[in-house]
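In: Fold the following, please.
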Amino acid sequence: MVRSRSKAQTTAGSARLAGAIGAAQLADGAVSTAKLLDGSVTGGKLAAGSVGNAQLGSGSVSADKLGDGSVTTSKIPDGSITENKLADHYLNASTVGVPLAGANVSSSGTVLRWFNRFGGKPTVELASTGLYVITFPGLEEQGGLSSSIATATLIGGAGEISRSSSGNNPAVETYDSAGAPTNQQFEFALIAAG
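Out: As a prediction, this is how the structure comes out:
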């Protein structure tokens with residue numbers, strides 16, 4: 001005759017076993033995933049670095065599992081975000097009329113502020129009094145008078161400004177009110193042409 005145990009007896013037996021079986025009593029591989037209850041292994045039970053790429057199934061980490069700010073630019077390989085992944089209101093750099101690069105340049109030729117959608121900080125050569133040649137990394141040879149659209153504006157004092165080119169890089173010439181070349185602070189922007 002088979003005698004069944006009551007729920008109370010089972011609970012009491014489980015209580016006697018609590019803590020009696022430790023890691024030392026378990027053989028390698030003795031506890032398989034089939035023996036683990038859903039949700040029984042929590043984050044606090046995982047050693048740092050114990051879950052790596054090899055343990056994650058394809059598509060197992062979805063967008064709703066990522067914390068705010070958890071994906072930084074250093075985690076995004078170059079070229080991994082294509083234009084079809086960007087919002088509709090995003091204008092890519094080849095859109096006609098979009099500013100490609102720009103700089104605020106002091107009278108001595110120092111770049112004070114800048115942006116460049118194709119590379120790093122621009123360099124400015126003060127070639128002669130009032131003549132500034134600007135090179136934007138990634139946009140070299142694209143600042144010629146006939147091959148680009150640009151705008152240049154004096155900052156501060158009165159005078160005149162004109163745009164030219166040197167070696168197909170943009171150049172800016174500044175003058176005083178009488179038309180004599182003089183060093184002046186200015187802003188310059190290169191715009192995508194059609």
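In: For the rest of this, base every contact and every neighbour count on C-alpha atoms.
Out: OK.
In: so where do the helices sit in this protein?
Out: 7-17 (DSSP state H).
In: Listing request: residues of it with sub-threshold pLDDT.
Out: Residue ranges of the chain with pLDDT under 70: 1-20, 82-97.
In: Strands of that one, residue ranges please.
Out: 99-105, 111-116, 123-128, 131-135, 149-154, 160-166, 169-175, 186-191 (DSSP state E).
In: Go through those strands and name the closest to residue 72.
Out: strand 111-116 (20.5 Å; CA to CA).
In: Tell me which other helices or strands the closest one touches.
Out: strand 99-105 (3 or more CA pairs under 8 Å, 6 or more residues apart in numbering; DSSP states H and E).
In: May I see the buried residues of the strand it packs on?
Out: For strand 99-105, burial by neighbour count (16 or more other CA atoms under 10 Å) applies to 99, 100, 101, 102, 103, 104, 105.
In: ok, the residue positioned nearest the centre of the chain - contacts?
Out: Closest residue to the average C-alpha location of the chain: residue 73 at 3.6 Å, with CA atoms, centre = their mean. Applying CA atoms under 8 Å, 6 or more residues apart in numbering to residue 73 gives no contacts.
In: if I look at it, how far off is residue 80?
Out: Separation of residue 73 from residue 80 (CA to CA, to the nearest Å) stands at 11 Å.
In: Residue 156 too?
Out: 43 Å.
In: And residue 148, by the same measure?
Out: Per CA to CA, residue 148 is found 29 Å from residue 80.
In: And those two? Which one has more around it.
Out: residue 148 (16 against 8; other CA atoms under 10 Å).
In: tally of neighbours for the closest residue to that one other than its chain neighbours?
Out: Closest residue in space to residue 148, ignoring its immediate chain neighbours: residue 193 at 6.0 Å, by CA to CA, 6 or more residues apart in numbering. For residue 193, the count of nearby residues is 15 (other CA under 10 Å).
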